[in-house]
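>>> Build me a structure from this.
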Amino acid sequence: IGTEEFTSYIDRHGLRQMLQNDVDDDAIKRRFLMGSLSPDLMTKLQLFLAKVGKVPLAVRSSGLLEDALSHPFAGLYNTFFLPNNDPNPGVREAQLVEAIKLVYASVYSKASRSYFQAIDYKIEEEQMAILIQEVVGHRFGDRFYPHISGVAQSFNYYPVAYTQPQDGIANLAVGLGKYVVEGGKTYRFAPPYPEMDMLPPKEQLRTTQKQFYALDMSRTAVDLYGGEDATLLLLDITEAEKDGALQHLASVWDNNDDRIRDGLDAPGPRVVNFRNILKYDQFPLAKILQHLLELIRDAMETPVEIEFAVNLNKDTDTGTGNGKPTFTLLQIKHQLLDNGEVNLSPADLKPEELFLFSEKCVGNGLVEGLCDIVWVDPEGFDKFETPALAAQLEQLNDRFRTDGGKYVLLGPGRWGSHDRHLGIPITWSMISCAQVIVEYAMENFQADASLGSHFFHNVTSLNIGYFTVPYPRGSSLLDWDWLRQQPEVSRSGCLVHSRLEEPVHIVMDGRRSASAIFKKVPKAPQPLPEEFL
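I've put the predicted structure just below:
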């Protein structure tokens, strides 16, 4: 559905005026649902539904600015999954029309307005096209999902062992890809080295996927007004094993030997590590990803990110199968990398001048002029109160948004996850004014970075500094004593807003994945030794 339908819909129903007022999301959705699509589009939708029949559908946004090279808007707009299984064609048509209108409404949502303000774009310039796709997957009783969903990037900010940044990185999960892009626990690997485990066995057990998303096929009536999750099920991974979907995708943790054993014959905790696919090449996923990433990267002449799904069943459930397992490429977008050449040599740093140093950094360039630090004090942090912290952060961020300010954000665990047990459960709009984001680990509260998520992609596309300080610290540094001595604007429980008398100086070396926050702007550095250049 082209952008001209969106423009016509907005103009015919006088919806642009809603941007002049601070209208809440419910009011925006109600106004958009009251309108009618053009007769020409309605005719085309009827023909489309008659052709595809009762197959599950995804209604995805395709904004004009959404995949711009400068600022990809990953995950900003809504995507709806439809069972599309009502026996009445008129009901299926009404559900599809409602999904289209709600995707249109998401352009004017609070999250969207916050993002446009953060990048200094005019939301009036956005135009929305829509892509209607058949959902890739297999029907398991009353639920529908692919065996594998994933996101792969041609440049890896966190290379380990002998891998290189140019080898890329892939994040896999069982079920619908919503789990991957929203920051769920995925399995990570470098496509050229699928047999290499990036985490030790115990860490794989700790970080393995515990839940997955499936499309609920048990109901024909759906209420999309409630949001993107209205038609979805978030299930325990054991349900996928009952469906027979984990046969090639999981292994078993052996408590007696502290090791992971291939196959699912033995009792014990399941570890979703895609062993038969990656180690034994049951399906050549790694080779496909390596080839596609290289091909698309070279064609687009820029690092890229792709979303994909795999159906391992030899069937034709979705009408796209050919009697063989199927790989489907769902989306291609730019992966932004750098903002100029920066060199940060750890050997030249003086610890007394640093507030923070990390060798796990996303971002590249210099950040100047930040005097505000919003931080969660680890001494008062309660991991069971993370939802309340999220609400407080949103209120604080709204004040920065009103004032046009930016800040450094520090908090425990993972940012960008909806799981409150992994970190503070925020969405991008709740911290959209943060210019630098730090996630620090505590002894009893650790999580991997939000790689492969929409949140993470937005962070990198905006060149937000994103630093990880592990526990134990190792070579990293975080000077809590200095921070606690700085003037405080506000303190609510363990959430603190400090305002420094002088701005910090932030350096991000994307090539080395290293970052430093200096307590003040240092004197002009001496030229680096030749071996560091």
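>>> how about the helices in the stretch 401-533 of the chain?
454-461, 480-484 (DSSP state H, counting those that start in this stretch).
>>> now the chain
For the chain, helices defined by DSSP state H occupy the ranges 3-12, 25-34, 39-52, 89-106, 110-118, 178-181, 201-207, 237-242, 275-278, 285-300, 386-403, 454-461, 480-484.
>>> Compare those and give me the one nearest Lys520.
helix 480-484 (11.1 Å; CB to CB). In this view, the C-beta of every residue, glycine as well, is placed from N, C-alpha and C.
>>> Same question for the closest one: list its buried residues.
Leu483 (16 or more other CB atoms under 10 Å).
>>> So Glu502 sits against Gly369, correct?
No - assessed by CB atoms under 8 Å, Glu502 is found out of contact with Gly369, at 10.3 Å.
>>> before we move on, the earlier item: of the helices of the chain, which is nearest Thr231?
Closest among those, using CB to CB: helix 89-106, at 9.1 Å.
>>> Neighbours of Lys54, how many?
By other CB atoms under 10 Å, the residues close to Lys54 number 14.
>>> Correct me if wrong: it contacts Asn88.
No - Lys54 lies out of contact with Asn88 (CB under 8 Å); the separation is 10.7 Å.
>>> Now do the contacts for the closest residue to Lys122 other than its chain neighbours.
The shortest distance from Lys122 to any non-neighbouring residue, by CB to CB, 6 or more residues apart in numbering, is to Phe116 (7.0 Å). Listed by CB atoms under 8 Å, 6 or more residues apart in numbering, the contact set of Phe116 reads 122-123, 126.
>>> How about Gly63?
73, 76-77, 107, 126-129.
>>> Do me a favour and average the pLDDT over stretch 3-21.
Mean per-residue pLDDT for stretch 3-21: 90.
>>> So which of the contacts of Gly63 belong to strands?
128-129 (DSSP state E).
>>> that older thread, which of the contacts of Phe116 ranks first by neighbour count?
Glu126 (20 neighbours).
>>> and that residue, what does it touch?
Counting by CB under 8 Å, 6+ apart, Glu126 has contacts 63-65, 107, 116.
>>> Quickly note the distance from it to Asp236.
38 Å (CB to CB, to the nearest Å).
>>> swap in Leu15?
41 Å.
>>> Please apply the same query to Gly263.
20 Å.
>>> related to what we said a few turns ago, would you list the contacts of Gly63 in CSV and tack on pLDDT?
Formatted as CSV, the contacts of Gly63 follow (pLDDT from 0 to 100):
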residue, pLDDT
Phe73, 61
Leu76, 80
Tyr77, 89
Val107, 92
Glu126, 86
Gln127, 87
Met128, 92
Ala129, 94
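>>> just the buried members of the contacts of Gly63?
Applying 16+ other CB under 10 Å to the contacts of Gly63 flags 73, 76-77, 107, 126-129 as buried.
>>> nearest to Trp480, of those?
Closest to Trp480, out of all of those and judged by CB to CB, is Leu76, at 34.4 Å.
>>> Surely that closest one touches Arg113?
No - applying CB under 8 Å as the test, Leu76 and Arg113 come out as separate, 10.3 Å apart.
>>> Lys287 versus the spatially closest residue to Ile288 that is not a sequence neighbour, what's the distance?
In this structure, Ile288 finds its nearest non-sequential neighbour in Phe327, 5.5 Å apart by CB to CB, 6+ apart. For Phe327, the distance to Lys287 equals 10 Å [CB to CB].
>>> ditto for Met196
For Met196, the distance to Lys287 - CB to CB - is 15 Å.
>>> Go ahead and confirm Glu501 touches Pro487.
Yes - judged on CB under 8 Å, Glu501 makes contact with Pro487 at a distance of 7.2 Å.
>>> And Glu385, how far from Asn444?
Applying CB to CB to Glu385 and Asn444 gives a distance of 14 Å.
>>> the more surrounded of those two?
Using other CB under 10 Å, the more surrounded residue of Glu385 and Asn444 is Glu385, with 15 against 9.
>>> Skip the chain neighbours and tell me the closest residue to that one.
Gly493 (7.8 Å).
>>> What's the local residue count around the residue lying closest to Met430 once chain neighbours are set aside?
Spatial nearest neighbour of Met430, excluding adjacent residues (CB to CB, 6+ apart): Glu394 at 4.1 Å. Residues within reach of Glu394, counting by other CB under 10 Å, total 16.
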